[in-house]
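> after the sequence you'll find the predicted model.
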Amino acid sequence: MYLRNCWYVAAWAAEVGDGLFHRRLLGTSVLLYRLQSGEAVAIGNRCPHRFAPLHLGSRVGDAVQCGYHGLIFGSDGRCIGNPQSGGQVPPNTAVARYVLKERHELLWIWLGDPAIADPAMIPNVGFLSDTAATTTPGYLHVRADYQLATDNLMDLSHAVFLHAETLGRLTPALAQGELKVTRENDRVRAAITMRDIHLPIAAGPVDQWLDMTWQAPGVIVLDIGHVATGLVRPDHGRRAIHIVTPETALTSHYFFRNAGDGRAFVRDPFSEEDEPMLAQCQAMMDGEDFWALRPAILPSDAGAIRVRRQLDKMIRDEQASDSELTLP
Amino acid sequence: MYLRNCWYVAAWAAEVGDGLFHRRLLGTSVLLYRLQSGEAVAIGNRCPHRFAPLHLGSRVGDAVQCGYHGLIFGSDGRCIGNPQSGGQVPPNTAVARYVLKERHELLWIWLGDPAIADPAMIPNVGFLSDTAATTTPGYLHVRADYQLATDNLMDLSHAVFLHAETLGRLTPALAQGELKVTRENDRVRAAITMRDIHLPIAAGPVDQWLDMTWQAPGVIVLDIGHVATGLVRPDHGRRAIHIVTPETALTSHYFFRNAGDGRAFVRDPFSEEDEPMLAQCQAMMDGEDFWALRPAILPSDAGAIRVRRQLDKMIRDEQASDSELTLP
Amino acid sequence: MYLRNCWYVAAWAAEVGDGLFHRRLLGTSVLLYRLQSGEAVAIGNRCPHRFAPLHLGSRVGDAVQCGYHGLIFGSDGRCIGNPQSGGQVPPNTAVARYVLKERHELLWIWLGDPAIADPAMIPNVGFLSDTAATTTPGYLHVRADYQLATDNLMDLSHAVFLHAETLGRLTPALAQGELKVTRENDRVRAAITMRDIHLPIAAGPVDQWLDMTWQAPGVIVLDIGHVATGLVRPDHGRRAIHIVTPETALTSHYFFRNAGDGRAFVRDPFSEEDEPMLAQCQAMMDGEDFWALRPAILPSDAGAIRVRRQLDKMIRDEQASDSELTLP
C-alpha cells in the first residue's frame, strides 16, 4: 500500500541520457528516456504483447521499439507501430504513461491519477541549485523498505552509535541535544538543538542545530549548522537532501546530495554503516508488518513515528477517497 | 495445470546411458535409465521411504538401489528388495512407473493414465531419421514457462528483431510475409509465405515459406524452404524439431534438431537471444497468469494464440473428464 | 510446531566466549554471551526498537548495547539504558530472556515457559566428562529439518549404504542385526544386536551391539561395543552424543562428540555423506509435510518412527495444555 498521488523521485536527471533507463518503482518497472528535445519521459517498461522489458529494445526517434517482436510505442505510451503483418496495431494497445518532471536535477514521477498531477506540489529543493558547491548526486540501493530508511533519517540519534567513527564526530553532543518535533500541514520537522557545546571545527562554544524536514512520500531536507553560543541562528546552515523511493516492499532507492559544502561525506557511512544495518533490520523483521511487531517507541523516535503516522494517514485518506470514487 | 494424457519428450535417447539420469518434468522428479537389454525406462525418482533421490543410488542389474537405506526398486517401480531386517518389504511400497518409448532418438514419456498410453499417438518426427545430415541433438534449459517458449516458436516474427544479426538474415522478408493459421484436428499450423523476394542464398527471385506445425503438448515441426518464384512448392523443405517440456511452472526444457541440413544454426541464437529474452519476459510477469495480464494480441500472434487456446481447451477437457470419472 | 517446554542444545559452551554469539533456534534469533562472572546467558537478539540484531552491538559490562541507536539491555532482557534524550527508557521495553544452563560443555536453552524450566530435566550426558579421551566438540549446519536428521540417527541401517566406505566398515554385519525398539517413559531406544560375527578389529567371533537412545526433543546417545561371543555385555561400550536442534522449518543444528575413544570418525562421513543426503531428501519433499507424503515404513525404521510418534504426541499434549491454560 503506497501513497500514489504524490511526487516520487525516479532518478537523478543525469542518470537518464541517450539510452533506455529502467528502474522499479513501487513494484512497477518503469522506462525512462529523453525525447530528442531533451525532455525526459516515463512509460511502463513491460510490453503488453509478450511482456518483454522495453529497455531491451531500441530508440526510434522519440519512440521506443520492443526488441522482441518490434512493437513501437510513442512517448505517450500508445502503440504506434507494428512492423509485422502489414502494420496493424490492435486498438487500445499501450503501456502506462507517467507524468514526469525534471526539476533541480531530479526526475520527479507521478504514479497516481495523472489528472491531478500538479507540478506545483513538487517538493522544493531549489537550494541545491543556489550554490555552486554541491556534491555529486548520490544514489544507493537499499535492501530495506523505504519506511525503515526514512526512520533512519528522521532519527539521527543513531549517528552516535552506528557512525561513531564517521558522521558521529560532526555532532558529538547529539545525544544531549533537545529534540522538537513539529508538523506543519503535511510536513514533519525533527529539530535537534545542542546549546553551548564545543565542536572540533569551532573556536569557542557554539549552539549547533540539526533539522530534518520530511514531506511525503519520502523527501527529507537536512539543515545543519552552528553559531557562537547565544547568537541568532541564520535562516539556514548547510543543507542536503535525502530522498527515498520504494522499489519493492523490501527494498528502496536512496538519493542524496549536499548543498553549500563540497564534502562528499555521506556516501561511505551510508553504504558501509546504514545500509547494512537497515538490511539486517529488514531481515530480522522476517516479513512481518512494522506495527505488528509492536516496536518500542523512544523519545528520540518522535520524528520518525510522527512521519509514519502522517504517511499512514495520507495513505488511508487516499484509499478512502479512491473507494468513494468507485461507489455506484 | 498440465495436460497429462499425452506424450512429452523427457530426454534425448543419447542422454540416458549406463547411469541414472534424472530430470524434473511437470514438477515431478523422474529417474531414467536403461535396462541391460538397452530399453530405456522411467520411474519416480523419490524413494518412498525417506525421500532420497534414487539417482544418488546405484544400478543392481535391471533394478535400482537407493543410496540411503538400500531399498531396491524394479523397473516397474515396485520395491523388490530390502537388505535390512531380514529383507521384509512392506506391501505397496513403490515409486511411480511411467510409460516410456524411444523413438527417433527421443525418449517420450506418458505422465498420465498408463491405461490409455498409446504409442501410435507419439508425434511423428521420423523425418529426422530419413536423412544423414541431421545436426547434433540440442538441449537447453529455459528460465520461462513452456507456453512462453511455445509462443516464441509459433510466432517467428520476432526473428527480425531479436535475431536481426543471426537467424533474421535467413528470412529478410519475414515481416512482409503472409501468415495463414490453420487447425487440423488437434494440430495448429502457422504458415508464412513470402512471395517473389530476394534471398542472399538464391540467384533469382523466389517464393519462401516458413511453416510451424504444433501438436500438444509442445511439439513443433519447422519446415522452411524456397523455390523460384511461381514454381510449385515441394512437399517439404528443410525441417527441424523444436520441442518444449515443462520442468516447473516457471522453467522448461527445450529440445531441438535440424534435419536435411547440417548447419547447427539454432543453438547460439537460442541460448544468447531467445532464452535470455524469455527469462526476462517471465520475470516481468511477476508470477501472474498470462491471461490475467490481458496481453495484446497481434495478427502475427495468431498461431501462438491458437495454440494456447487449443492447449487450454485440451486441459479443460481432460480435467472435466477426470471429474466425471471420480463422480459417485 | 515445536516442543517448547524442553531443553534444547543452543551451542557448545566453547562457542560462546567474550563476544556476542547469535544463533537461530526454532526460527528465533537468540543472542548468547557470558557475564563477567563467566556465566552464559541467552536473550532475544532482535532489538524491540527498530529490530537491529543485538549481536552487531557491543558489550557494556554485563549488558549489551544495540549498535544502531544505543539501547542497553541487561542480561535479564530488560532495557536498562537509553543514551538518547535524557536517558528515558519506555516502560516494558525488553527482549526475551531465556533460561540457559551450562552442563557437560553444552549450553542448554529452555525456550518455553520459564516458570517450569527444571534443570533436573536436562538430559544427562555426563559420561562425556567421565573420560579424558573425548573428541573435539563437533558442530555442523544441516540443510534439513531436525526430524529428518533424527531419523538419520535413529535408523543406522543406512550406514551400510551411505557410509559403505567409511562408518559402515565398523559394523559390517549391521544389516543382519536384530533390532529391538523400546520406550521407557519418554525415551526411545533402538538397540541392534549382531551375534557371533567377525570384526576386523577383534581376534575371534564377537557379539556386537549398537544402541541409540533418544530423548526429546533431539538428544541421542549412541552406545557401541562388542564382547567375545556369548560373554555378558558390560554396562556401556563407547558412547557418543548426537544432538539436533531446529534452526528453521527446513534447517537444523547438529552437535556431536564421542567419549571413551579419541577418534574423530564422525565429522567427515556426516559432512560429506549424511548432510548432503539429508539436504537432498529435504529438497525432494518440496515443502510438503512428512506424513502427508505417506512414507513407507520399514522394520529397520521402527526406532525413527517411534521417535516421531512420541515427539508428535508430546507436541500435541503441550499444545492442548496451552489451550486449557488460556481458556476463560
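Sure thing, it's come through.

> report how many residues lie close to the nearest residue to A:Q176 once chain neighbours are set aside.
Spatial nearest neighbour of A:Q176, excluding adjacent residues (C-beta to C-beta, 6 or more residues apart in numbering or on different chains): A:M194 at 6.5 Å. Where you see a C-beta, it was placed from the backbone N, CA and C, and this is true even at glycine. When counting by other C-beta atoms under 10 Å in any protein chain shown, one arrives at 20 neighbours for A:M194.

> just A:T251 next, same as before
Counted by other C-beta under 10 Å, the residues lying close to A:T251 total 17.

> hang on, isn't it packed against A:V142?
Yes: using C-beta atoms under 8 Å, A:T251 makes contact with A:V142 at a distance of 6.4 Å.

> quick one on the thing from earlier: if I pick the residue nearest to A:Q176, what's in contact with it?
Neighbouring residues of A:M194 by C-beta atoms under 8 Å, 6 or more residues apart in numbering or on different chains: A:T171, A:A173, A:L174, A:Q176, A:G177, A:E178, A:D207, A:Q208, A:W209, A:L210.

> what's the spacing between A:M1 and A:L199?
Distance, A:M1 to A:L199, by C-beta to C-beta, to the nearest Å: 43 Å.

> neighbour count: the two, which is higher?
Between A:M1 and A:L199, A:L199 has the larger neighbour count (other C-beta under 10 Å), namely 17 against 9.

> am I right that that one is in a strand?
No: in this structure, A:L199 is coil, not part of a strand, as judged by DSSP: H, G, I helix; E, B strand; the rest coil.

> let's see the pLDDT reported for the closest residue to it other than its chain neighbours.
Nearest non-adjacent residue to A:L199, counting by C-beta to C-beta, 6+ apart: A:V206, 5.8 Å away. Per-residue pLDDT puts A:V206 at 96.

> all the helices of the stretch 51-200 of chain A, in order from the start?
Ranges of helices in the stretch 51-200 of chain A, per DSSP state H, counting those that start in this stretch, are A:146-154, A:159-162.

> now the last one - C-alpha only, PDB.
Spelled out, it's helix A:159-162. C-alpha atoms of helix A:159-162 as PDB (Å, rounded to 0.1, in the frame of the first residue of the first chain):
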ATOM      1  CA  ALA A 159      24.800   8.700  14.500                       C
ATOM      2  CA  VAL A 160      26.500   8.400  17.900                       C
ATOM      3  CA  PHE A 161      26.500   4.600  17.700                       C
ATOM      4  CA  LEU A 162      26.300   3.500  14.100                       C
END
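
> ok, the lengthiest helix in chain A near chain C or not?
Counting residues, the longest helix in chain A under DSSP state H turns out to be helix A:302-325. No: using C-beta under 8 Å from any C-beta of the partner chain, helix A:302-325 stays clear of chain C, coming no nearer than 8.5 Å.

> what is that helix packed up against?
helix A:146-154, strand A:178-184, strand A:187-197, strand A:206-215 (3 or more C-beta pairs under 8 Å, 6 or more residues apart in numbering or on different chains; DSSP states H and E).

> name the residues of the stretch 1-150 of chain A found near chain C, please.
So far as C-beta under 8 Å from any C-beta goes, the stretch 1-150 of chain A lies against chain C at A:L148.

> would you map the strands across the stretch 1-150 of chain A?
Using DSSP state E, counting those that start in this stretch, the strands assigned to the stretch 1-150 of chain A run over residues A:7-12, A:21-25, A:28-34, A:40-44, A:58-60, A:63-65, A:72-73, A:79-81, A:97-103, A:106-110, A:138-142.

> dump the ones you listed into CSV; add mean neighbour count and mean pLDDT as well.
As requested, these are arranged in CSV below (neighbours: other C-beta atoms under 10 Å in any protein chain shown; pLDDT from 0 to 100):
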stretch, mean neighbour count, mean pLDDT
strand A:7-12, 24, 98
strand A:21-25, 20, 98
strand A:28-34, 21, 98
strand A:40-44, 23, 98
strand A:58-60, 15, 96
strand A:63-65, 22, 98
strand A:72-73, 23, 98
strand A:79-81, 18, 95
strand A:97-103, 19, 97
strand A:106-110, 25, 98
strand A:138-142, 18, 96
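
> adding distance to C:D286, write those strands out as CSV.
Listed next are the strands of the stretch 1-150 of chain A as CSV, based on distance: least, C-beta to C-beta, whole Å:
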stretch, distance to C:D286
strand A:7-12, 39
strand A:21-25, 29
strand A:28-34, 30
strand A:40-44, 35
strand A:58-60, 42
strand A:63-65, 41
strand A:72-73, 41
strand A:79-81, 41
strand A:97-103, 40
strand A:106-110, 41
strand A:138-142, 32
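
> now the residue of the stretch 151-300 of chain A found nearest chain B, which residues is it bridged with?
Nearest residue of the stretch 151-300 of chain A to chain B: A:T248, at 10.2 Å (C-beta to the nearest C-beta). Assessed by DSSP bridges, A:T248 has beta-bridge partners A:T251.

> so for stretch A:159-172, first residue to last residue, what's the gap.
Taking C-alpha to C-alpha, to the nearest Å as the measure, stretch A:159-172 stretches 9 Å from start to finish.
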